[in-house]
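[1] can't give you the sequence, but here's the structure:
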């Protein structure tokens, strides 16, 4: 393919994507395919000779699109939003065109320095403590990781290595193996699965502590667990708190957790993958309490900032602790400017060596949307969730399971779990909207998250109509059965009364 064909293919692809996103409401949010559908449709070997890009684009429409779950549909209400926008898509295209691998400054100075700029922009937009800014004199700063899973794993690994070094100095009689065998970490039983996985990858057990009745993890629970472990001879390493838990978007008590972590020299990381966007809103300023006392935190731009996946911001109070833990140098990685400026070599802040030019799509999106536009986008999600919450409250057949949090509403049909399970099954079979279930204390509930590229009030009405109509379909037969039983009982009762009257007359 030469440049001329690339221009044709690229323009056709842009038109294809624009048409798809513009008409996304026409598609059922869930695909109607069975496992293995694509394997049967495609050849078993790659083509021996080149094929026309027109054939390829035609097949994308014919065999790929039918197997897509439409994440950008406003009828997508599962998990959390994974956002995109036209500016971000253009930024992704340009980054792919440049195709740099920016593991060090010399590999593409703009790749590293633009990331420094946009991470400081974002920290200021979210009103984070100045300790996380690159421009502030000190070891703190931010980096773009691929996902929250990567950010959490980086924090866990760095905290682990720092603990091993500290304990080796305090207890020289212990071998490194002995120390590593005593390490333990903590999080909430409401935290994301990536946290538990980070413990597996780091070969360090993570205790999932029970959250309170309100699904919030507080310092008291952490204090009790740490004291038990210290008494048993274990070494506490890190606590991963969550601002916006996966199930109900609950907010852990950062201030009380920070007090316990500081007292026991435990690294405190905050996973704010979803709710971190609310830091930018003054009406949500309470969520920022205690962030000046944490060691690291992460926030997914691909959830709320109109930047497409993958793009997760991570900030460190002391990046030297990560660099010291991960630094592996080779002669081919050195360059003459190394160590001469305050500009970091981000390869020391992450798991892989290579890194994508993600900052470009962030920069383009921030400039074309502006801080005002980004705040308006978050507030729109909140307003739409309030609209859905009011609909739930207005129908006596439903109940809320937890307070609405940002763009998430957790609700269920009143009665046995079976009713809610049947409701979700019918919704999944119809494929008009997509939600997922969760459970707490043996109560099954549904999570309704505001998602999609451009959700509108009409989309919320559409979803509610689908939900309440399907509950009616489920409960109407039960109502008829109950009424029939009532009629039978009444008839029998009247018959009994009639017999009694006849007896009296005789």
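    That came through, no problem. All figures in this text were calculated on a predicted structure; none of them were measured in a lab. Numbering: from 1, shown residues only.

[2] so for residue 138, what's the pLDDT?
    We have a pLDDT of 85 for residue 138.

[3] tell me which element it is part of?
    Assigned by DSSP states H and E, residue 138 belongs to no helix or strand.

[4] and the nearest residue to it once chain neighbours are set aside, what does it touch?
    With sequence-adjacent residues excluded and distances taken as Cβ to Cβ, 6 or more residues apart in numbering, residue 138 is closest to residue 131, at 6.4 Å. C-beta coordinates here come from the backbone N, C-alpha and C atoms, glycine included. Counting by Cβ atoms under 8 Å, 6 or more residues apart in numbering, residue 131 touches 138, 140, 292, 317.

[5] buried residues, whichever strand or helix holds residue 423. List them.
    Assessed by DSSP H and E, residue 423 sits inside helix 417-430. Of all the residues in helix 417-430, those buried under the rule 16 or more other Cβ atoms under 10 Å are 419-420, 422-424, 426-427.

[6] repeat for stretch 200-207
    202, 204, 206-207.

[7] one more: stretch 311-330?
    For stretch 311-330, using 16+ other Cβ under 10 Å, the buried residues are 311-319, 321-323, 325-326.

[8] do the same with stretch 338-358
    343-350, 355-358.

[9] in helices, which of those appear?
    Of the buried residues of stretch 338-358, the ones assigned to helices by DSSP state H are residue 358.

[10] looking at the buried residues of stretch 338-358, which is nearest residue 63?
    Among these, residue 356 lies closest to residue 63 (Cβ to Cβ), at 27.8 Å.

[11] isn't the closest one right next to residue 92, touching?
    No. Using Cβ atoms under 8 Å, residue 356 makes no contact with residue 92, being 9.4 Å away.

[12] what distance separates the helix holding residue 423 from the centre of its chain?
    Relative to the centre of its chain, helix 417-430 is centred 24 Å away, using Cα atoms, centre = their mean, to the nearest Å.

[13] all helices of the stretch 1-150 of the chain, in order?
    Using DSSP state H, counting those that start in this stretch, the helices found in the stretch 1-150 of the chain span residues 3-22, 37-41, 53-59, 86-98, 109-125, 148-170.

[14] ranges for the strands of the chain?
    Per DSSP state E, the chain has strands spanning 141-145, 183-188, 206-209, 235-242, 267-271, 296-300, 312-316, 398-400, 408-413, 436-440, 443-449. These are given in chain order.

[15] check what pLDDT residue 486 gets.
    Residue 486 is given a pLDDT of 50.

[16] how about residue 482?
    In this model, residue 482 is scored at 51, pLDDT.

[17] need the residues that contact the helix holding residue 423.
    In this structure, residues lying in contact with helix 417-430 by Cβ under 8 Å, 6+ apart are 30, 412-413, 433-435, 437, 442-446, 466-467, 470-471, 473-475.

[18] returning to that earlier point: which members of the contacts of residue 131 are the farthest-apart pair?
    Spatially, the most separated pair among these is 138 and 292, at 12.9 Å (Cβ to Cβ).

[19] re the thing from before, reformat the strands of the chain as TSV; add mean pLDDT.
    As requested, the strands of the chain are arranged in TSV below (pLDDT from 0 to 100):
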stretch	mean pLDDT
strand 141-145	94
strand 183-188	96
strand 206-209	95
strand 235-242	97
strand 267-271	97
strand 296-300	96
strand 312-316	96
strand 398-400	95
strand 408-413	96
strand 436-440	89
strand 443-449	95
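
[20] got the domain boundaries for this structure?
    3-68, 100-357, 368-505 (automatic domain parsing).

[21] I'd like those domains written out as TSV, with distance to residue 74 added.
    Listed next are the domains of the chain as TSV, based on distance: least, Cβ to Cβ, whole Å:
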stretch	distance to residue 74
domain 3-68	7
domain 100-357	15
domain 368-505	4
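
[22] what ranges do the helices span in the stretch 351-500 of the chain?
    Remark: helices assigned in the stretch 351-500 of the chain by DSSP H, counting those that start in this stretch are 358-394, 417-430, 457-505.

[23] OK, contacts around residue 158?
    267, 296, 321-322, 325-326 are the contacts of residue 158 under Cβ under 8 Å, 6+ apart.

[24] correction: residue 475
    Counted by Cβ under 8 Å, 6+ apart, residue 475 has contacts 397, 419.

[25] any idea how far it is from residue 426?
    For residue 475, the distance to residue 426 equals 12 Å [Cβ to Cβ, to the nearest Å].

[26] again with residue 355
    45 Å.

[27] cool, and residue 105?
    From residue 105 to residue 426 the distance is 56 Å (Cβ to Cβ).

[28] and if you look at residue 141?
    50 Å.

[29] kindly report the same for residue 101.
    Distance from residue 101 to residue 426, by Cβ to Cβ: 48 Å.

[30] swap in residue 69?
    Look at residue 69 and residue 426: by Cβ to Cβ, they are 18 Å apart.

[31] likewise for residue 404?
    Distance, residue 404 to residue 426, using Cβ to Cβ: 24 Å.

[32] cool, residue 448 as well?
    Distance, residue 448 to residue 426, using Cβ to Cβ: 15 Å.

[33] one more: residue 77?
    Counting by Cβ to Cβ, the separation of residue 77 from residue 426 is 15 Å.

[34] list the residues that contact residue 346.
    If you count contacts by Cβ under 8 Å, 6+ apart, residue 346 has them with 102-103, 112, 115, 143, 355.
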